[in-house]
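Participant: give me coordinates for this.
(chains A and B)
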There are 2 protein chains.
Amino acid sequence: MATRQREISISEFFSKNRHLLGFDNPQKALLTAVKEAVDNSLDACEDAGILPTLKIEIRQLEDDRFRIAVEDNGPGIVKSQIPKIFGKLLYGSKFHTLKQARGQQGIGISAAGMYGLLTTGKSIAVTSRTGAGKPAHYYEIQIDTRKNAPQIITDKVVDWEAEHGTRVEIELIGTYKKGRHSVDDYVRQTAIANPHCEIFYTPPDAAEPFHLQRGSEMLPAEPKEIKPHPYGVELGVLIRMMKESSSRQLSAALQKDFSRVSSRVAAEICHAAGLRPSANPHTIVVHEAEQLFKAINSVKIMSPTTNCLSPIGEEQILSGLKKEIDASFYTAITRAPAVYRGNPFQVEVGLAYGGSLKSEELIDLLRFANRVPLQYQQSGCAMTKAVLGIDWRNYGLSQSKGALPTGPVVLFVHIASVWVPFTSESKEAVAAYPDIMRELRLALQECGRKLSMHVRAHRRAVDEQKKRSYIEKYIPHIGIALREILGLSDQAEKDLVVTLKDVLERSRSREQFTD
Amino acid sequence: MATRQREISISEFFSKNRHLLGFDNPQKALLTAVKEAVDNSLDACEDAGILPTLKIEIRQLEDDRFRIAVEDNGPGIVKSQIPKIFGKLLYGSKFHTLKQARGQQGIGISAAGMYGLLTTGKSIAVTSRTGAGKPAHYYEIQIDTRKNAPQIITDKVVDWEAEHGTRVEIELIGTYKKGRHSVDDYVRQTAIANPHCEIFYTPPDAAEPFHLQRGSEMLPAEPKEIKPHPYGVELGVLIRMMKESSSRQLSAALQKDFSRVSSRVAAEICHAAGLRPSANPHTIVVHEAEQLFKAINSVKIMSPTTNCLSPIGEEQILSGLKKEIDASFYTAITRAPAVYRGNPFQVEVGLAYGGSLKSEELIDLLRFANRVPLQYQQSGCAMTKAVLGIDWRNYGLSQSKGALPTGPVVLFVHIASVWVPFTSESKEAVAAYPDIMRELRLALQECGRKLSMHVRAHRRAVDEQKKRSYIEKYIPHIGIALREILGLSDQAEKDLVVTLKDVLERSRSREQFTD
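Facilitator: Predicted coordinates:
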């Protein structure tokens, strides 16, 4: 038995369990690969304060074989980092940072490259330049799954027209389809949630790229990195943090390594724990750490700061919806930040109604997490559960029991967080934490109220229009009839019609005010 | 950006995403920890050909704090391997082996230890002895999540009464509940699916252990390790296998590294690929590998051998059900092995009916994969989907649309495979591959037919009993009446009654045969 025990590399693990990463089937694989590359591009541009311009291309090589390319105008990647970023799972800058970002895990793009390699034997190709004066580097990389390490196949300097940015190309076995769960749909939703982003999108069947224009020239506010909040920490993590603290005194360690711990709060915690504020955090033993842990949760501490979040904002949501959806009414709500398990998060809801949207179908629910569209596992997602938990008949839509409401509505739901609690590594659905559910419900209800006001006002306007048109239509005939019956002159008939109209109009508007 | 990129250890990843491993909440965490330890114990015993005797203890230390211990009479673990097996994620002997086992991933028990450490700060404690003459080693281990490596806290030789075996202890934050999803239920189900296993189980509220006795003295047949089948291999894997082959000729490599490739089949593949059988597999280039890949899938190759599987068997399933469930009718079916994506698998279904089982409730569906009970994510599991896909009214049970049938039934469903396609790392539900669904359906239907035969025969027996009791009851009265009417003697009356009974009995049995 001893001789056969061995290490399993994370790449081997995920190549055998690739459905966990969203590569279950060819259609999903194509989408996931595009999505991972786009996530990285948008994160990189925003981090560098650059308004993103993306090129997304899908070329069909054979029946089931595609080559995708995603190119951005971001800051580029320094040469030495390229192989690891694209050829090693669990490598990245975002995992250890409490700050809103699309990527979290350092798995996505390398996994997409690994899937391409597994199914076609082809390398992932990366071109990147960090600035005008710098060379553009071109790499072809294959992940060595046994070692979870990049193997460099090609490494050269190339001519490239872009001043700065990164281009990623992956060849893979996939299926391209239109409609729900399609790349087309993903691109459209990305444009809605990221109105500051310009996209040139070339699907396999198009000769020229579609140009999705920017709806806003304003970059989202840059989220700031925060320290963990004491309420969210676990005993084991607390022990490690104290052991690894750069401070030599317990009180200082608490203040420096956590957010929202003032010297007063630190003193309170130490007191409640029965520990000296000057104690050495490195030598704390388990039972002292337990006391500290209990003390933390007994002391009142301010909620975490929320500048680690960068919500889309009501204005931008409206701009995104208006840009991509032809409707007659738009509304949006951004809730104030809240906290689940110590992690700040924020919920936003947007809604488009009427126009060319179809009235007889279930509403179109668009789900987003940190501005990324979620297209799979709808029923398992907190956002769907929250929508289903509301009686939309109160807001003027029809709804069967347990189903989404029916009506000409696109409903946009967004969660921004420093750590979105996804239900799987493939990041397709959000876990239904009670705090998150509550915020979702409140945002949806507020949106629902705005919708119902519009629907009622709209119905009234329609009714009024109908009444008005009856008046316009029949009054003249009544005039003629009265003239004949009463033997009126032309002028008398005209006067009568005007008077009648006037009276009826006035009665109609009274009706309206008391409606 | 460059400076902040860094490696993420798999332990850090899973400690932040621990819901992926089944540690979502305290109740599930307690169950998962017990389950991982039991899985390992049973695998170890069976590998060594030892009839397993397990002790499972749960001690409650505080309101939400427990110390679990699982002890087996297995072969023990050599000293040098203990730290890695219990203090490193993705380490083990089963991942790279195509052979049925409870463990697959090399994550479980280390993850349980990690969860304990995170929530209580306490080490995982392991005692192990490999044989009578050998010392018993005692270790306390903490996983260093930053490095995904074991830290040895205590390492000593201890006195231990057991001749050979392993004992694992973990202290953790948990919740102990009775009923569905409970550890009690898990232990009971484990006993059903493993009748060769003896268990002493001490829940927190018991002074003495419950003794679950062996239902069978027969160890399951030892599954044999197999080579991958050519049909299941992917291009990328094929390329790597050829590069790493120990053979120097393509034809030999195909025969040696795959199962079911004879020299004739190898020659056919080479011919179809347009490659020389004597070509060097190490120097094959991508487009040649593609030809080879296409050729493999165009040539007829025998299905994989199935001695890599060790089903429970109809007899043992019956023995397990009879041991733990009080019913009046038992049946079981073991299907012949089948293949999904190149992986051999086998489906078994058992059923217990009547007795003390309740008739007004939904049936009790017990799901197992490689003899391990699956207690969560029932609705997402292929086994549940297969049960719901059958019209049980055909088999004498009532059933509402889209629901499990209602009736006094425990339904036992088992999938054995060299690689069970779980829908998540926490191994709670099986993915609905079409080949698996078909086998499940056929097994369930067969079981259903047996059930309906029993239900009908049972109804008939009841009816017959009723008729017989009518005869017994009324014939004497008829005799008396006839005596009075016809003026019969006592003897004549007795004779008449006997004749009447006889005639009626005969007519009743004729009825029965033509029923």
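
Participant: count the neighbours of the residue of the stretch 301-450 of chain A found nearest chain B for me.
Facilitator: Sorted by distance to chain B under Cβ to the nearest Cβ, the residues of the stretch 301-450 of chain A start with A:S424, at 6.3 Å. No exception for glycine: its C-beta is placed from N, CA and C like everyone else's. With neighbours defined by other Cβ atoms under 10 Å in any protein chain shown, the count for A:S424 comes to 21.

Participant: who are the contact partners of it?
Facilitator: The neighbours of A:S424, taking Cβ atoms under 8 Å, 6 or more residues apart in numbering or on different chains as the test, are A:20, A:377, B:20, B:424.

Participant: is A:S11 in contact with A:M114, as I believe?
Facilitator: Yes - using Cβ atoms under 8 Å, A:S11 is in contact with A:M114, at 6.3 Å.

Participant: shared neighbours, these two?
Facilitator: A:89, A:143, A:145.

Participant: element containing the closest residue to chain B within the stretch 51-200 of chain A, please.
Facilitator: Nearest residue of the stretch 51-200 of chain A to chain B (Cβ to the nearest Cβ) works out as A:L118 at 3.4 Å. Assigned by DSSP states H and E, A:L118 belongs to helix A:108-120.

Participant: flag every residue of the stretch 201-350 of chain A that's near chain B.
Facilitator: A:234-237, A:239-240, A:286, A:289-290 (Cβ under 8 Å from any Cβ of the partner chain).

Participant: what about burial for those residues, which qualify?
Facilitator: Buried by 16 or more other Cβ atoms under 10 Å in any protein chain shown: A:234-237, A:239-240, A:289-290, out of those.

Participant: among those, which are in strands?
Facilitator: The strands, defined by DSSP state E, take in nothing from those.

Participant: can you redo those residues as TSV with pLDDT and distance to B:P204?
Facilitator: As requested, these are exported to TSV (pLDDT from 0 to 100; distance: Cβ to Cβ, whole Å):
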residue	pLDDT	distance to B:P204
A:E234	86	23
A:L235	91	21
A:G236	89	23
A:V237	88	27
A:I239	92	26
A:R240	90	29
A:A289	94	25
A:E290	93	21
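
Participant: from the residues you listed, pick the one nearest chain B.
Facilitator: Using Cβ to the nearest Cβ, these come closest to chain B at A:G236, 3.4 Å.

Participant: next, count neighbours for the nearest residue to A:S452 once chain neighbours are set aside.
Facilitator: Closest residue in space to A:S452, ignoring its immediate chain neighbours: A:Y395 at 4.1 Å, by Cβ to Cβ, 6 or more residues apart in numbering or on different chains. Residues near A:Y395, counting by other Cβ under 10 Å, number 24.

Participant: show me the shaky parts of the stretch 1-150 of chain A.
Facilitator: A:1-3 (pLDDT under 70).

Participant: er, the stretch 401-515 of chain A actually
Facilitator: Using pLDDT under 70, the flagged stretches of the stretch 401-515 of chain A are A:470-471, A:473-479, A:481-486, A:496, A:500, A:503-515.

Participant: show me what from it comes close to chain B.
Facilitator: Going by Cβ under 8 Å from any Cβ, the residues of the stretch 401-515 of chain A near chain B are A:419, A:421, A:423-425, A:431.

Participant: buried subset of those residues, written for ChimeraX?
Facilitator: Buried residues among those (16+ other Cβ under 10 Å), as a ChimeraX selection:
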select /A:419,421,423,424,425,431
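
Participant: and the helices in chain A?
Facilitator: Secondary structure of chain A (DSSP state H): helices located at A:10-16, A:26-47, A:82-87, A:108-120, A:183-193, A:235-244, A:250-257, A:263-273, A:286-296, A:314-324, A:382-388, A:434-486, A:490-513.

Participant: may I see those helices arranged in a markdown table, with distance to A:Y176 as well?
Facilitator: Compiled in a markdown table, these are given as follows (distance: least, Cβ to Cβ, whole Å):
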| stretch | distance to A:Y176 |
| --- | --- |
| helix A:10-16 | 23 |
| helix A:26-47 | 6 |
| helix A:82-87 | 23 |
| helix A:108-120 | 15 |
| helix A:183-193 | 7 |
| helix A:235-244 | 44 |
| helix A:250-257 | 49 |
| helix A:263-273 | 56 |
| helix A:286-296 | 52 |
| helix A:314-324 | 21 |
| helix A:382-388 | 26 |
| helix A:434-486 | 33 |
| helix A:490-513 | 53 |
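
Participant: B:Q346: which of those helices is closest?
Facilitator: Checking the helices of chain A against B:Q346 by Cβ to Cβ gives helix A:10-16 as the closest, at 20.3 Å.

Participant: list the helices and strands the closest one packs on?
Facilitator: helix A:108-120 (3 or more Cβ pairs under 8 Å, 6 or more residues apart in numbering or on different chains; DSSP states H and E).

Participant: off-centre distance for the helix it packs on?
Facilitator: 24 Å (Cα atoms, centre = their mean, to the nearest Å).

Participant: what are the buried residues along that helix?
Facilitator: A:108-120.

Participant: farthest-separated two in those?
Facilitator: Farthest pair in the buried residues of helix A:108-120, by Cβ to Cβ: A:G108 and A:T120, 18.6 Å.

Participant: picking that back up, deepest in the core, which of the helices of chain A is it.
Facilitator: helix A:108-120 (a mean of 27; mean count of other Cβ atoms under 10 Å in any protein chain shown).

Participant: span of stretch A:329-347 from start to end?
Facilitator: 21 Å (Cα to Cα, to the nearest Å).

Participant: figure out how far that stretch is from the centre of its chain.
Facilitator: The answer for stretch A:329-347 is 12 Å, by Cα atoms, centre = their mean.

Participant: give me the residue from the stretch 251-400 of chain A nearest chain B.
Facilitator: For the stretch 251-400 of chain A, Cβ to the nearest Cβ, closest residue to chain B: A:V286, 4.4 Å.

Participant: dump the residue contacts of that residue.
Facilitator: Under the criterion of Cβ under 8 Å, 6+ apart, the neighbours of A:V286 are A:239, B:121-122.

Participant: same thing with A:L21?
Facilitator: Here A:L21 is in contact with A:14, A:32, A:107-108, A:111, A:115, A:425-426 (Cβ under 8 Å, 6+ apart).
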